[in-house]
Every structure is written in structure tokens, then in C-alpha cells.
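Q: Sequence and computational prediction follow.
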Amino acid sequence: FKNLYDNGFSFHEISRKNIDFIKNKLLKKIKKLNNKKSSVKPGLQDNYDRREVLNKSWLDILNKIYEEEGILSAIRAYYNKKNMKVEAASLRILTSKDISPLQFLRDCKSVPKHTNLHTDPLEGYMSSIIYLSDVKEGEGGTQFFPKSHRYIYDDLQDFFARSVNTGNYCHDKFSRAVIFRLPKFLRVTKNWGRLVETGSEMEKYLDKNMLTFVSKKHGNCSVFEAGAILHNAIVSKGKRIAIQVLFH
């Protein structure tokens, strides 16, 4: 709870018993996703190269594990909501050849190192990622900007930024023209990592302050306020197998 409150994220080591149980039950799905070809279409939101949504029985399993590990009680305390629980979960495999992290400004050739740095558009919920593979540097470890969940934005601008993030990935000239019909103050989005130019002061600032969640150093489970904290995950080598969980 203290890490969530202070930094906007917390790391945890789920027991080997529970991790092995999850991996064994998902073995067939993991093999299926590994063999799947990417079918990401330009401009579609919530669109991933390799993802399978998990059913209600899986939500019950995950709720039990998060309760056992003491994580669920910390999330409930953070929001002061006694009934928060796992509402959705999906198995995701990230690789260095994925298209989905490049959806915003998809037709641009440059891919800065902080591409896909974003805040989720929906507020008032908690996210968690459980690593099912050993994640080292460069292998898709989630990056977080500590304390960015405390940033204060103009209410109207923030509303438009979340709306644009949901409805427009600026993936071609037409979609960008739509945004440029708005007043300059409202041409904003929560998905802005690709706008950080290589060699810029902003890039150096992010390099200095971002924290990367890797297995050996931090454990196998991260919990974070995705609708407030700046975060990112890009695979430059290998692949990352994980479950992404939503609490509400």
C-alpha cells in the first residue's frame, strides 16, 4: 500500500506454487499465442498482436491468488473500496516484432526509445501484470515514472486527452486532421511517448527517471494505477509472457 501511495506502483513476488499453477493451466493457450500471426489493424484501439481474454473461471482463480498474496487488500485500501476485485484479465505475449506499440502515429518512420509511453484513458481502476517468463532488461519490462500519478492537469484538457487516447491514434493524415480541428489547447493525448524526439532534453529526463520492472530485481508481479501513472513496455529482444489484470 505504501509503495502504491508514494510512487503509483508496487512490486511483489507471487509464490512459486501459484506461478507454476497458472503456467500449467495456461500452457495450451501460451503455445497457441506463440504460433499466432499478428493481425493488428491500423487505428483500432485496444488491439494487440497476441492476446487472449481469460474467462470468468480465471477471474475467480486470480481473485483467490491476489487475496492470498495480500495484494487485494492493499488495492482496496488504496481506493477505500471494500468490494474491489479482478474484473478482467488477459494473457499477452509481447515480442520485438510487435506492431501494437507503434499504433500511435503508425505511419511515422521514426521509433524513439520511449515510444508507447502513456497513461491509460480510464480512471479509477488498478492494473497488475504477472510475469510468466523471466523478464530481463530489454525484454519488455514495464517502465514506470515514479510519482507521476500525482500530477495535476487542467480538467478540460485532461478530459480531451483521455478522449483522444480512446478514439484517435493519429495513425494517418486524416485522423490527424480531425485532431487539428480542435483548438490548440485541446490537441492532446495520453499516448505521447512517440513524440519524444531522440536526443532531446525530454528523452534525457525520462532516461534518468524511469524505473524498469525486471524479474531478478523486483519480482514477478507489478501493481499500478494505470489511469494515472506514466508507463510503457517495449520488447527490444526476446519476448515477454504475462497476464494483465484489471481491478475495479
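A: Looks like it came in fine.
Q: dump the residue contacts of Lys23.
A: 30, 132 (Cβ atoms under 8 Å, 6 or more residues apart in numbering). Where you see a C-beta, it was placed from the backbone N, CA and C, and this is true even at glycine.
Q: per-residue confidence for it?
A: You'll see Lys23 listed with a pLDDT of 96.
Q: Tell me how far it lies from Gln244.
A: Using Cβ to Cβ, to the nearest Å, Lys23 is found at 15 Å from Gln244.
Q: Can you show me the strands along the protein?
A: Listed in chain order, the strands of the chain (DSSP state E) span 9-12, 51-53, 86-95, 126-131, 143-144, 211-212, 221-224, 231-232, 239-247.
Q: Select, out of the ones you listed, the one closest to Val196.
A: strand 231-232 (10.5 Å; Cβ to Cβ).
Q: so what does the closest one touch, helix or strand wise?
A: Identification of packing neighbours for strand 231-232 by 3 or more Cβ pairs under 8 Å, 6 or more residues apart in numbering; DSSP states H and E yields strand 143-144.
Q: Pull up the pairing partners for the strand it packs on, direction included.
A: Sheet pairing of strand 143-144 (DSSP bridges) gives strand 211-212 (antiparallel), strand 231-232 (antiparallel).
Q: gap between that strand and the chain center?
A: For strand 143-144, the gap between its own C-alpha mean and the chain's C-alpha mean amounts to 9 Å (Cα atoms, centre = their mean, to the nearest Å).
Q: quick one: contacts of it?
A: Counting by Cβ under 8 Å, 6+ apart, 7-9, 117, 210-213, 222, 224, 229-233 sit against strand 143-144.
Q: and the residue nearest to Asp207 when sequence neighbours are not counted, how many neighbours?
A: Distances taken as Cβ to Cβ, 6 or more residues apart in numbering put Lys113 closest to Asp207, at 7.8 Å, once the chain neighbours are dropped. Residue crowding around Lys113 was assessed by other Cβ atoms under 10 Å; the count is 15.
Q: mind listing what Leu105 touches?
A: The neighbourhood of Leu105, defined by Cβ under 8 Å, 6+ apart, consists of 169-171, 194-195.
Q: returning to that earlier point: what score does the residue nearest to Asp207 have for pLDDT?
A: For Lys113, the pLDDT comes out at 90.
Q: what separates it from Thr95, distance-wise?
A: Using Cβ to Cβ, Lys113 is found at 17 Å from Thr95.
Q: what do you get for Phe11?
A: In this structure, Phe11 lies at 23 Å from Thr95, with Cβ to Cβ as the measure.
Q: ok, Leu72 - how many residues close by?
A: For Leu72, the count of nearby residues is 22 (other Cβ under 10 Å).
Q: same question, Phe11
A: By other Cβ under 10 Å, the burial measure for Phe11, its neighbour count, is 19.
Q: For it, give the beta-bridge partners.
A: When bridges are taken as DSSP bridges, the partners of Phe11 come out as Ser222.
Q: Contact partners for it?
A: Remark: with contacts taken as Cβ under 8 Å, 6+ apart, Phe11 is in contact with 3, 213, 218-219, 221-223.
Q: For those residues, which entry has the maximal number of neighbours?
A: For these, the largest neighbour count, defined by other Cβ under 10 Å, is 26 neighbours, found at Val223.
Q: correct me, but that residue touches Asn7?
A: No: in terms of Cβ atoms under 8 Å, Val223 does not count as a neighbour of Asn7; the distance is 10.8 Å.
Q: Do a quick rundown of the helices in this protein.
A: Taking DSSP state H to define them, one finds helices in the chain at 2-7, 16-25, 27-34, 56-68, 71-79, 155-167, 173-179, 201-209, 215-218.
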